[in-house]
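> the following comprises the amino acid sequence and a computationally predicted model.
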Amino acid sequence: MNSSLLLEIGQLTHPGRGRRTNEDAFGAYTPPDPRWQAVKGAIFAVADGVDGHPGGRIASQLAVQAVVSEYYRTPSPYTAESLERAVKLANAYIYRQARRAYGKMITTLTAAVVRGNELVVANVGDSRAYLVRGRGIWRLTRDHTWVAEEVAAGGLTPDEARRHPWRKVITRALGHRPDVKVDILRLMIQPGDTIVLCSDGLSDRVWDSEIWSIVSRSRPKEAAKKLVRLANYRGGNDNITVIVIRAKPPTRRPVAHPAYSGPALWEARRPQSSLVPLVQLAGGLAIATLIMMLSIYLLTSAPG
């Protein structure tokens, strides 16, 4: 694995212009211990509570908390396996809590782990992950919705899906059943790449090309603000959450002082006068003359 990339992060959530409460949740965690960070990386998650009751808000919060906790509780260095296990355990926990106390508790979840130059994304529901690289943007997740399945089957166009009255019908979510199928994607990232996680409150109102335009021209914190502002300008009829993660090359630690600073290094740093070469030349000639005279003396004085 390559050296860890530095991550610049911007994150923001907003209830939207049309909602009084916010059922979205998000989280980000980077281990403070560099050794543990090298093993497990940094994790980011966005969840969107479903159905508009208190159960949805609690479900999204529990999903983020549980997936972060369970991911780091697993000592395995295999990122994809650990993340998938954490999402499944979060689902089981929400399902049990719903049956015990809260009734119906359903939420989407999209989580991403950046470990060195490895990116692993887990997805259940219709919150999304994007990769912005250069002049392109790629959707890394597939929406688990009725309209997305119809688009994949050719029954609807993307434009029809955006306006369809069943566009909010989710076919897969956390907390709905005791077990859940998790989509896992693994890829390698490079300096300059940006990962965007968001709830459907953003992706329903802002086009993919607009996400690329804003993210590629702004630093992560400013990009998060601009994306939320645009979604609200377009109506803001849902909760809006976004995390923008930019990968930067690792910085090299400067050497505080040279390992050796003897006379040779010191002389190399001193400014030289224009007379120095002449003095050095004269000294060299004097030494050569002395050696020649000494040689002649030894030859003439040697016994015959």
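In hand now; what should we look at? Numbers count the residues shown, from 1 in each chain.

> what bits of the stretch 151-300 of the chain have low per-residue confidence?
In the prediction, the stretch 151-300 of the chain carries residues with pLDDT under 70 at positions 251-300.

> can you give me the helices for it?
With DSSP state H, counting those that start in this stretch as the criterion, the stretch 151-300 of the chain has helices at 158-163, 200-203, 208-217, 220-233, 263-269, 276-301.

> mind giving me the domain ranges of the protein?
Following automatic domain parsing, one finds the domains of the chain at 6-248, 263-301.

> element containing residue 137, please.
strand 136-139 (DSSP states H and E).

> so what are the sheet partners of that strand and their directions?
With DSSP bridges as the test, strand 136-139 is paired with strand 128-133 (antiparallel).

> buried sites along the partner strand?
Within strand 128-133, the residues scored as buried using 16 or more other CB atoms under 10 Å are 128-133. C-beta here means a position set from N, CA and C on the backbone, and glycine is covered the same way.

> and what of stretch 13-22?
Applying 16+ other CB under 10 Å to stretch 13-22 flags 13-16, 19, 22 as buried.

> what does stretch 188-206 give?
Buried, per 16+ other CB under 10 Å, within stretch 188-206: 189, 193-206.

> what is the nearest of the residues you listed to residue 99?
residue 199 (25.5 Å; CB to CB).

> how about stretch 94-110: buried residues?
94-95, 97-98, 102, 105-110.

> filter these down to the ones in helices?
Counting by DSSP state H, these place 94-95, 97 in helices.

> nearest residue to the residue nearest to the spatial centre of the chain other than its sequence neighbours?
Centroid-nearest residue in the chain: residue 245, 4.3 Å away (criterion: CA atoms, centre = their mean). Using CB to CB, 6 or more residues apart in numbering and skipping the chain neighbours, the partner closest in space to residue 245 is residue 195 (4.4 Å).

> quick one: contacts of the helix or strand where residue 84 lies?
Here residue 84 sits within helix 79-97, counting by DSSP H and E. Outside helix 79-97, the residues within contact range by CB atoms under 8 Å, 6 or more residues apart in numbering are 40-41, 43, 58-59, 62-63, 66-71, 74, 76, 105, 107, 109, 111, 113, 115, 118, 120, 122, 124, 174-180, 182, 184, 186.

> can I get the buried part of these as one ChimeraX selection?
Applying 16+ other CB under 10 Å to the contacts of helix 79-97, the buried members can be selected in ChimeraX as follows:
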select :40,41,43,58,59,62,63,66,67,68,70,71,105,107,109,111,113,115,118,120,122,124,174,175,176,180,182
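
> narrow the contacts of helix 79-97 to those in strands?
43, 109, 111, 113, 115, 118, 120, 122, 124, 184, 186 (DSSP state E).

> and which of those residues is nearest residue 219?
Using CB to CB, those come closest to residue 219 at residue 43, 21.5 Å.

> wait, the closest one sits on residue 37?
No - with contact defined as CB atoms under 8 Å, residue 43 does not reach residue 37; the gap is 10.6 Å.

> now the ones in strands among the contacts of helix 79-97 in a markdown table, with distance to residue 169?
As requested, the ones in strands among the contacts of helix 79-97 are arranged in a markdown table below (distance: CB to CB, whole Å):
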| residue | distance to residue 169 |
| --- | --- |
| 43 | 29 |
| 109 | 18 |
| 111 | 23 |
| 113 | 29 |
| 115 | 35 |
| 118 | 34 |
| 120 | 28 |
| 122 | 22 |
| 124 | 15 |
| 184 | 24 |
| 186 | 29 |
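
> this completes my enquiry, with thanks.
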